[in-house]
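Engineer: Need a 3D model of the following:
(chains A, B, C and D)
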There are 2 protein chains.
Amino acid sequence: MTGDRRKFRREGEERRREALMAATLELVAEGGTAAATTRAIADRAGVTAGLVGHYFASKEDLTRAAFGELMVRFSDLSLQAAEAAGGDPLARLAAYVAASFRPPVLEPTRISLWAGFINLIRHDPEMLAIHRATYLRYRDQLQALIMALPGFADPVRARPLAIACNAVIDGLWMEGGLLPDAFGAGELERLGLRSVGAILGLRLEEEA
Amino acid sequence: MTGDRRKFRREGEERRREALMAATLELVAEGGTAAATTRAIADRAGVTAGLVGHYFASKEDLTRAAFGELMVRFSDLSLQAAEAAGGDPLARLAAYVAASFRPPVLEPTRISLWAGFINLIRHDPEMLAIHRATYLRYRDQLQALIMALPGFADPVRARPLAIACNAVIDGLWMEGGLLPDAFGAGELERLGLRSVGAILGLRLEEEA
DNA sequence: GGCGCTGTTGTGCAAGCGTATAATTACGGT
DNA sequence: ACCGTAATTATACGCTTGCACAACAGCGCC
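Structural biologist: Numbers count the residues shown, from 1 in each chain, chains lettered A, B, ... in the order given. I've put the predicted structure just below:
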């Protein structure tokens, strides 16, 4: 009668931590940080709530780890697209920009995650540090691509250009993510390429 | 001995609702939506928790009302700056852009509020509707300013330009708000003017 | 094949949440 | 002056949360 205790398998520490972080990210994407309760996370990861405390000192700790994981995992996606575009600097930049408006960078999941975590950044110094590192890394990639263009080698000139290009990409990305039906198919990508081109004084549309 | 019941004054319905909404906004700005509990809101507004239920059907209802209030209150700030700039279309546009990077539009409070509410937009249809209306209103203002420029009267051409200009402003605004110390004083405003100018093929820097 | 280590479970607790409701009291009408 | 009414308070209830802790059991080791 009382033998209904749950069966379980022992897993390595790494596997369990990853499963718990993945479950956290799924839940944040679906319902914001409020939906990522300890019990819901454990349930999603196929364990019981008590185990969460065994692998993470606190729920805050788990949240931070999951956020960091997410950022690392996605940080080089656009760069990979650029490198796949070949050796021409203009084509590489165009590919980088265009990739920001296509899956897997522009995904409903990613926007939900970003929206769920963004308010934590303002109140948790460690979260802010992760965000800062990710943002600067992304911007540096963009700046390197710009400096590879003929006549753009000066970093003092390239820095503000990279900031502005990054801003217009982020702005379009955010608006497209929050109001998907306010824009036509492919409109954001086209606008992104044209705007970045305009800021740099180039034409990127036909490069993508 | 038992006469320690709290003294109170009767206020009009409007005053109380406004006080509760203001308290909600303050708390969201300080600690995100999680900090805006019924009891904390009531405390901040100088009443007891029970009264919240008397003026708002639910906490969700109060949150929505507060968000709407906030958006209405700030929706025309940049436009006022444009109108104060006189009759020259170029100067008006420059003033509008520049105002986006100065108080009271660019304030830590506003960024905190935006960050606190942004994840609710993704899961509450009414919140999304408020956001959509505000965003489109802002963009339409920008488009009208652009169409007032000589040679930009065509709305089919002005629409994507307005979207792009709005995006770069939003992107810079967001990044500046989340990482204030990553940018020099006045750098964002200068960059905003230059970028919007580049997108439109104009020079705005010396107009502000 | 038993034993010990520790990953894992189940339970419970204190705190805080939103909200419903009865008791109180301020205030305007008469 | 007082009386009705509605604004306001105080209390309580059911629920959920994060977390602590003791008991259990899978798995490697001798």
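Engineer: Excluding chain neighbours, what is closest to A:T33?
Structural biologist: Distances taken as Cβ to Cβ, 6 or more residues apart in numbering or on different chains place A:G116 nearest to A:T33, at 5.1 Å, with adjacent residues excluded. (C-beta placed from N, C-alpha, C; glycine too.)
Engineer: what helices or strands is the helix or strand where that neighbour lies leaning on?
Structural biologist: Taking DSSP states H and E as the definition, A:G116 sits inside helix A:108-121. Helix A:108-121 sits against helix A:13-31, helix A:59-74, helix A:125-147, helix A:155-178, helix B:108-121, with contacts defined as 3 or more Cβ pairs under 8 Å, 6 or more residues apart in numbering or on different chains; DSSP states H and E.
Engineer: May I ask which helix or strand of chain A has the lowest mean pLDDT?
Structural biologist: Least confident helix or strand of chain A, by mean pLDDT, DSSP states H and E, is helix A:108-121 with a mean of 89.
Engineer: does that helix come close to DNA strand D?
Structural biologist: No. Helix A:108-121 lies apart from DNA strand D when judged by Cβ under 7 Å from any atom of the strand; the minimum separation is 12.8 Å.
Engineer: ok, and what's touching that helix?
Structural biologist: Applying Cβ atoms under 8 Å, 6 or more residues apart in numbering or on different chains, the external contacts of helix A:108-121 come out as A:25, A:28-30, A:32-33, A:63, A:67, A:70, A:74, A:104, A:127-128, A:131, A:173-174, A:177-178, A:180, B:32-33, B:112, B:115-116, B:118-119, B:121-122, B:178.
Engineer: for stretch A:66-77, same thing?
Structural biologist: Against stretch A:66-77 from outside (Cβ under 8 Å, 6+ apart): A:18, A:20-22, A:24-25, A:28, A:99, A:104-105, A:110, A:113, A:117, A:120, A:127, A:130-131, A:133-134, A:137-138.
Engineer: which of those are buried?
Structural biologist: Using 16 or more other Cβ atoms under 10 Å in any protein chain shown as the burial test, the contacts of stretch A:66-77 include A:18, A:20-22, A:24-25, A:28, A:99, A:105, A:110, A:113, A:117, A:120, A:127, A:130-131, A:134, A:138 as buried.
Engineer: what's the neighbour count on A:G86?
Structural biologist: 10 (other Cβ atoms under 10 Å in any protein chain shown).
Engineer: per-residue confidence at the nearest residue to it once chain neighbours are set aside?
Structural biologist: Leaving aside its sequence neighbours, A:G86 sits nearest to A:R92 (Cβ to Cβ, 6+ apart; 7.1 Å). According to the prediction, A:R92 has pLDDT 97.
Engineer: The helix or strand containing A:R92 vs helix A:155-178, what angle?
Structural biologist: A:R92 belongs to helix A:89-99 when elements are defined using DSSP H and E. The directions of helix A:89-99 and helix A:155-178 differ by 30 degrees, with axes from the mean of the first three to the mean of the last three Cα atoms, to 10 degrees as the criterion.
Engineer: What lies in contact with helix A:89-99?
Structural biologist: Residues contacting helix A:89-99 (Cβ under 8 Å, 6+ apart): A:77-79, A:81-86, A:105, A:141-142, A:145-146, A:148-150, A:165, A:169, A:189, A:192-193, A:196, A:202, A:204, A:207-208.
Engineer: Take those residues and keep only those in strands.
Structural biologist: Among these, no member falls in strands (DSSP state E).
Engineer: Just the buried ones out of these, please.
Structural biologist: A:78-79, A:81-82, A:85, A:105, A:141-142, A:145-146, A:148-149, A:165, A:169, A:189, A:192-193, A:196, A:202, A:204, A:207-208.
Engineer: Contact partners for A:S78?
Structural biologist: A:S78 is in contact with A:Y96, A:A99, A:S100, A:V105, A:Y138, A:Q141, counting by Cβ under 8 Å, 6+ apart.
Engineer: Need the max-distance pair from those residues.
Structural biologist: Using Cβ to Cβ, the contacts of A:S78 span at most 12.6 Å, a distance reached by A:V105 and A:Q141.
Engineer: That's all I had, so thanks and see you.
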